[in-house]
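# Curious how this folds, go ahead:
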Amino acid sequence: MTTLSPRIRCTRRLEFDAAHRVMEHESKCKHLHGHRYVIEATFEATALDALDRVIDFGVIKERLGHWVDTHWDHATILNVKDAALGEAIAAQTFQKIYYLNGNPTAEKMAEYLFSEICPSLFAGSDVRCVRLRLYETPNCYADVEAP
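Coordinates of the predicted model:
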């Protein structure tokens with residue numbers, strides 16, 4: 001009989017405010033509007049560190065939280081195809097604009113953080129993000145998970 005080691009994971013919750021719009025949406029989400037987003041980022045390591053942690057929760061906040069604060073918090077997140085709107089907003093309000101290659105849906109934003117941002121922020125460490133949940137509203141979220 002083989003005994004499997006338990007998976008030990010830790011999750012950090014981060015929150016930010018941002019505006020977005022979903023181009024060609026069939027309803028009111030085609031209009032620019034804002035949300036209080038919540039990220040739950042879950043990390044795993046092959047072994048616990050010297051203090052018996054997957055990773056210090058503060059390190060997650062320093063790395064992922066700092067990235068979110070710098071790029072997405074109080075920003076307008078738009079599809080790169082919506083650049084004319086972004087340029088108009090920035091010119092009039094000096095608003096921070098962040099462009100994605102696709103509509104800034106909860107699914108796309110979660111996938112982008114999981115696939116593009118987290119690997120670069122935690123490169124060279126034994127820690128990897130294995131699940132990322134992004135709440136767009138208290139009732140609606142998207143999950144991205146490692147296979």
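# contacts, neighbours, all on C-alpha from now
Noted.
# secondary structure element for Val38?
Val38 belongs to strand 33-45 when assigned by DSSP states H and E.
# so what secondary structure elements neighbour that strand?
Judged by 3 or more Cα pairs under 8 Å, 6 or more residues apart in numbering; DSSP states H and E, strand 33-45 is in contact with strand 9-20, strand 127-137.
# Please identify the most buried of those strands.
strand 127-137 (a mean of 21; mean count of other Cα atoms under 10 Å).
# tilt between it and strand 9-20?
Calculated by axes from the mean of the first three to the mean of the last three Cα atoms, to 10 degrees, strand 127-137 forms an angle of 40 degrees with strand 9-20.
# what angle sits between strand 127-137 and strand 33-45?
Put simply, strand 127-137 runs at 160 degrees to strand 33-45, going by the same axes, to 10 degrees.
# Residues in contact with strand 127-137: which ones?
By Cα atoms under 8 Å, 6 or more residues apart in numbering, the surrounding residues in contact with strand 127-137 are 35-46, 54-55, 106-107, 109-110, 113-114, 118-119, 122, 141-146.
# Out of the helices and strands in this structure, which is least certain?
Ranked by mean pLDDT, DSSP states H and E, the weakest helix or strand in the chain is helix 83-93, scoring a mean of 95.
# and the spatially most central residue of the chain, what does it touch?
Centroid-nearest residue in the chain: Leu113, 4.2 Å away (criterion: Cα atoms, centre = their mean). The neighbours of Leu113, taking Cα under 8 Å, 6+ apart as the test, are Leu132.
# Look at it and report its pLDDT.
In this model, Leu113 is scored at 98, pLDDT.
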